[in-house]
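Engineer: Sequence below, structure please.
(2 chains)
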Amino acid sequence: MTLLDVAGLTIRTGGRDLVSGVSFSVEPGGRLGLIGESGSGKSLTALAVLGLLPPGMTASGAVVLDAPGAGRTDVLGAGERRLNRVRGRAVSAVFQEPLTALDPLMRVGRQVAEPLRRRRGLRGRALRAAVLAALEEVRLADPERVARAYPHEISGGQRQRVAIAMALACDPALLVADEPTTALDVTVQADVLALLDGLVAGRGMALLFISHDLAVVARVTERVVVLRDGRAVESGSVGEVVRAPRHPYTQDLVASARHLDRALDWRTP
Amino acid sequence: MTAPLIGEAEAAAPPARRRVPRSVTLLTGCVLAGLVVAVAVVSLFWLPYAPDDTSGDRLMPPGLPHLLGTDKLGRDLLTQLMIGARVALEAGAGSVLIGGVAGLAGGLVAGFATRWMDDALSAFLDILIAFPTVLLAMLVTAARDASLGSAIIAIGLAMSAIVARLARVLVKRVLAQDYITASRTSGTSWPRIVVTHVLPNIWPTLSVNLALQFGLAVLAEASLSYLGLGTPPPNASWGRMLQEAQASVFIAPAGVIAPGVLLVVLVVGVNLIADGVRDVADPTRRRTR
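Structural biologist: You can find the predicted model right below:
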């Protein structure tokens, strides 16, 4: 059984193909990386998986989500009502910019509470306990204080942890992470990546990880699909792709990643 | 693999405060507008003279027995001023209620609409804005009667177009934000998103505009009354008082100064309240104060 099956996904707007014929699949508990430069269509692919393509874009091909308990859903053909039942439970997402991903006028605790209240039907004291537990699970120190704070009152890394807590609140079968660490400081990046890695493994969740950074993708996923100009140019296990890249673009990617690594080695005696 | 606890890079932010900060702006606004409200409330129970009592001499200066003097028909100015306060508040509140609700509804629809639907609504709003309020008021008056109610409906309709156009832009801006997408990924329905995210986020800007519209509505009612499209006598409106006293401004300046000052006090007061409420309601602005 596959959890997510994307077959021949093509996204076009104004007669131009932004993504053409991309296919991949994710098993339950599996981890797949989508890698590519900006404009390669990786974020659009993620939005298509969530059924959240902006108006004016049309998608063809097939995106099928088959999560236990949520049934088989053809995401591209499904209506908003059906999608709302799938979102959160079958699939959820963490985005790049944690400041804008949180409502600036709402206390953090209320934002985390929202999906818990709706999905698990929690109220009052139980809801409050669940919010604090969710914040604790993403390793936020002093969850009481964070729950009371507004998004601008906590740091970028803390915000991203809150965003992760919100995404995990409904226990999704698949987590889509669209450049979740790109906007963070390097040291915080490593922390958040490790957190995400641990949570996904702990819950047996599947992960669709999107990044422009080969090193980051290699750290958290098993398989990788390389996108360029809306086409999948290479795919395979992370080991294969890093060891023996076939497509010239992938070779470039691997070479530049190694080059950066070497530069670091040079400087450290 | 276990993730480390928060590193030093994520230094603790100061604790979120619960207390509502005092705002001098808000307090001043409340005092000014409260003054006018108090006058209006008193006018419901007590008036120095009957509104149609013309027993006084014409154009008397302030003094006794007429505290603010009389107008050219010998009516007591204080009495008219007090009734005018009531009329002004009714005109402002009524039009803002109509304009705000209709405008917000229209703005939400236009904000969610795409392409041709959005274009059509925008064009319609532009036409409505270009349509002169006075002409609109004449149409409403023709359909109903010349009364404060008709004036309020006309002003409210004209206002709703302006409010709708602003709300449309605000809604579109909020809908483009990541937190809307994030909320949708967790399966939140559109009506729920509107209530929890869209309305709170457009309210700070919208409320300031509504306060501004309140002031404009009071002024608009004044001009409509002058044209005979607003409050009929004996009930006074500040606008009509200003117009009637205009000719005798050098002989009896109190007739112009008194309603003019109260009009300014009310409009400034409401604007200060709007500013103050925004400062208090928007958490990102609190700490900078």
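
Engineer: which residues in the chain form helices?
Structural biologist: This is for chain A. All helices of chain A, identified by DSSP state H, fall at A:42-50, A:80-86, A:108-120, A:124-137, A:143-148, A:156-168, A:186-203, A:214-220, A:238-243, A:248-267.

Engineer: my question was about chain B
Structural biologist: Using DSSP H, the helices of chain B run over B:24-45, B:77-112, B:115-130, B:133-143, B:148-175, B:178-185, B:190-193, B:199-226, B:238-245, B:254-281, B:283-286.

Engineer: Pull out the buried positions in the fifth one.
Structural biologist: What it means is helix B:148-175. Buried residues in helix B:148-175, counted by 16 or more other C-beta atoms under 10 Å in any protein chain shown: B:148, B:150-168, B:170-172, B:174-175. (Each C-beta comes from the backbone N, C-alpha and C, glycine too.)

Engineer: and it, what's its mean pLDDT?
Structural biologist: For helix B:148-175, mean pLDDT rounds to 90.

Engineer: Which residue does the stretch 151-269 of chain A have closest to chain B?
Structural biologist: In the stretch 151-269 of chain A, the residue that lies nearest chain B is A:Leu195 (3.7 Å; C-beta to the nearest C-beta).

Engineer: tell me the pLDDT at that residue?
Structural biologist: pLDDT, A:Leu195: 87.

Engineer: List the residues that contact it.
Structural biologist: A:Val138, A:Arg139, A:Arg161, A:Ile164, B:Ala3 (C-beta atoms under 8 Å, 6 or more residues apart in numbering or on different chains).

Engineer: right, and the helices of chain A - which one's nearest A:Val176?
Structural biologist: Taking C-beta to C-beta, helix A:42-50 is the member of the helices of chain A nearest to A:Val176, at 5.1 Å.

Engineer: How about that closest one and chain B, any contact?
Structural biologist: Yes - Helix A:42-50 reaches chain B (C-beta under 8 Å from any C-beta of the partner chain) through A:Leu50.

Engineer: That helix packs against which elements?
Structural biologist: The contact analysis (3 or more C-beta pairs under 8 Å, 6 or more residues apart in numbering or on different chains; DSSP states H and E) places helix A:42-50 against strand A:4-13, strand A:16-26, strand A:31-35, strand A:58-67, strand A:91-94, strand A:174-178, strand A:206-211.

Engineer: residues making contact with the fifth one?
Structural biologist: If you take C-beta under 8 Å, 6+ apart as the criterion, strand A:91-94 is touched by A:4, A:46, A:49-50, A:65, A:67, A:101, A:160, A:163-164, A:167-168, A:170, A:172-178, A:180, A:196, B:182, B:185-186.

Engineer: how near is the most centrally placed residue in chain B to A:Leu214?
Structural biologist: Centroid-nearest residue in chain B: B:Phe214, 1.8 Å away (criterion: C-alpha atoms, centre = their mean). Using C-beta to C-beta, to the nearest Å, B:Phe214 is found at 58 Å from A:Leu214.

Engineer: Low-confidence stretches in the chain?
Structural biologist: You didn't say which chain, so I picked chain A. A:267-269 (pLDDT under 70).

Engineer: ah, I was thinking of chain B
Structural biologist: Looking at chain B by pLDDT under 70, you get B:1-22, B:54, B:56-57, B:59-61, B:63, B:66-67, B:234, B:284-289.

Engineer: mind redoing it with 50?
Structural biologist: Filtered on pLDDT under 50, chain B yields the residue ranges B:1-20, B:288-289.

Engineer: For the stretch 151-289 of chain B, which residue gets nearest to chain A?
Structural biologist: Counting by C-beta to the nearest C-beta, the stretch 151-289 of chain B gets nearest chain A through B:Gly187, at 3.6 Å.

Engineer: does that residue really touch A:Arg81, like I thought?
Structural biologist: No - B:Gly187 is beyond contact range of A:Arg81, at 10.4 Å (criterion: C-beta atoms under 8 Å).

Engineer: Compare those two (neighbour count), which wins?
Structural biologist: Neighbours per residue (other C-beta atoms under 10 Å in any protein chain shown) separate B:Gly187 from A:Arg81, with B:Gly187 holding more: 22 against 8.
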